[in-house]
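>>> Provided below for reference: sequence and predicted model.
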Amino acid sequence: MTSIETTIAFVRSAWRAANIDGSRSKIDIYVDRLTRAASESTLARAMESFMQSINASAAKLDPDVVARMVAVASGPDAPRVLRWLREQPKLVSMLAYTKDDELLADALRDLELPPAAGAGSVVPRRPYKIELTATCETPLAHGAEGKAGNATLFRRIAALTTEGSMIELPYYAGNALRGQMRDLLADHYLETIGLPADRSQPVVSLWLFYALYSGGALEDKSAAMAALRKDIGDNGALRADGIRRFREMIPPLSVLGCALGNRVLNGRVQFGDLRPRCIEWGNGEMPVSELMTWEFLTRREDYEAHDEHHGMIADTEVLRAGAELEGGIDYDMTMTEIERACLGRGLQLLAERGMLGAENRRGLGRVRLAANGAPEAEIYDSWLVASREEILTYLREVDGLAGPDLAS
């Protein structure tokens, strides 16, 4: 019996021994459980995790199939089988769910296992102007776009190793770091010029609110946006003095960039992804599989005056506490002194907050963030205080403060 046939036979045996309930179809549930299990570092761990996730009774498993599966999990094909499970959990599930043995045999006859997951490591990145290091004080969650039922996998990216093979490695997106800095700098900017940073009741016009907190919007036909366009230009026209003044008066948007109606204002900085230090990323000594684990999350039912339970349980894949990530930021040499100081303030605010990723309210994502080469921030704070009236006057001129347009 081939490794593929043994794997399918084991999954079928595990399903027969499963004890799992749910409103969804069983095959969908099994696909989700298999997807989650395949994130384990070895095939043996994956099979054990799969059995646990479907509550399979060991006493009900076919002992001959189990023995053959143990041999595969400890044999040379194990890495290839594990990659097959990771890449095609739906196909594996559908094959295992097939009840016609003759049809299954025909389907398996021409199937081949993929090569083992890439060996070697990725070429290390060149240094950044500002080097960032994040040390996880608690597990760190950073979810991928897809989910496996109630299980959230850590975000990964495909990369080529020095040996020419492909490998998928976890990373923390630089754009997520940029978004967190954007929120912190927006709050700091408003508070320092004497405006409340209340996101539920903004004191600035919607165009400015969206620009500060989410990078703006490509379509905005409000009267306030029309006033801004008159100052910075529109329909292909560019008013250099208006753009320069906009950058001077709102440094966070100049540094990080934003969309202003049909115009995109480029930022001055480039954020690199944060990569865990590991053998595969070429920046550490520990295998990446040893850095990953799972956290079990629950949401309690606080309202009990009904018959149905509305609590929630979920699993999320995380980087272990103690894991270190490294990345960095490059910036344009055209940055002004105030813009560099604004970036420095953003980095200080990130370090002071000390939180990355998701599930912060559950205690995940506490980090120690260090920035080597960060600009000094004090000059930015002093400039904001000294220029407060000039900034407020400018915001009134471009309808940046809340007014009738807020409800439009």
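Cool, the structure landed.

>>> what's the distance between residue 363 and residue 26?
To residue 26, residue 363 is 34 Å away according to CB to CB, to the nearest Å. Glycine gets a C-beta too; all of them are placed from N, C-alpha and C.

>>> More neighbours: those two, which one.
residue 26 (15 against 11; other CB atoms under 10 Å).

>>> can you give me phi and psi for residue 144?
Dihedral pair for residue 144: phi -80, psi 170, per degrees, to the nearest 10.

>>> swap that for residue 161, sorry
Main-chain torsions, residue 161, degrees, to the nearest 10: phi -90, psi 170.

>>> pretty sure it contacts residue 116?
No: between residue 161 and residue 116 there is no contact under CB atoms under 8 Å: 11.8 Å.

>>> For those two, work out which one has more neighbours and name it.
Higher neighbour count among residue 161 and residue 116: residue 161, with 18 against 15, using other CB under 10 Å.

>>> Give the closest residue to that one in space, chain neighbours not counted.
Leaving aside its sequence neighbours, residue 161 sits nearest to residue 120 (CB to CB, 6 or more residues apart in numbering; 3.7 Å).

>>> Just the local confidence number for that neighbour, please.
Residue 120 is assigned 78 on the pLDDT scale.

>>> Now residue 390: which helix or strand?
Using DSSP states H and E, residue 390 maps to helix 388-397.

>>> quick one: contacts of that helix?
192-194, 204, 208, 227, 231, 245, 249-250, 384, 400-401 (CB atoms under 8 Å, 6 or more residues apart in numbering).

>>> I'd like the average pLDDT over that helix.
94.

>>> so how far is it off the chain centroid?
Distance, stretch centre to chain centre, for helix 388-397: 37 Å (CA atoms, centre = their mean, to the nearest Å).

>>> how about that helix: buried residues?
Under the neighbour-count criterion of 16 or more other CB atoms under 10 Å, helix 388-397 has 391, 392, 394, 395 buried.

>>> Output that helix as PDB, nothing but the C-alphas.
Extracted in PDB, the C-alpha atoms of helix 388-397 (Å, rounded to 0.1, in the frame of the first residue of the first chain):
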ATOM      1  CA  ARG A 388      -1.300  75.000  16.800                       C
ATOM      2  CA  GLU A 389      -3.100  78.200  15.700                       C
ATOM      3  CA  GLU A 390      -1.600  78.000  12.200                       C
ATOM      4  CA  ILE A 391      -2.700  74.400  11.900                       C
ATOM      5  CA  LEU A 392      -6.300  75.100  13.100                       C
ATOM      6  CA  THR A 393      -6.500  78.000  10.700                       C
ATOM      7  CA  TYR A 394      -5.400  75.800   7.800                       C
ATOM      8  CA  LEU A 395      -7.900  73.100   8.700                       C
ATOM      9  CA  ARG A 396     -10.700  75.600   8.700                       C
ATOM     10  CA  GLU A 397      -9.600  76.900   5.300                       C
END
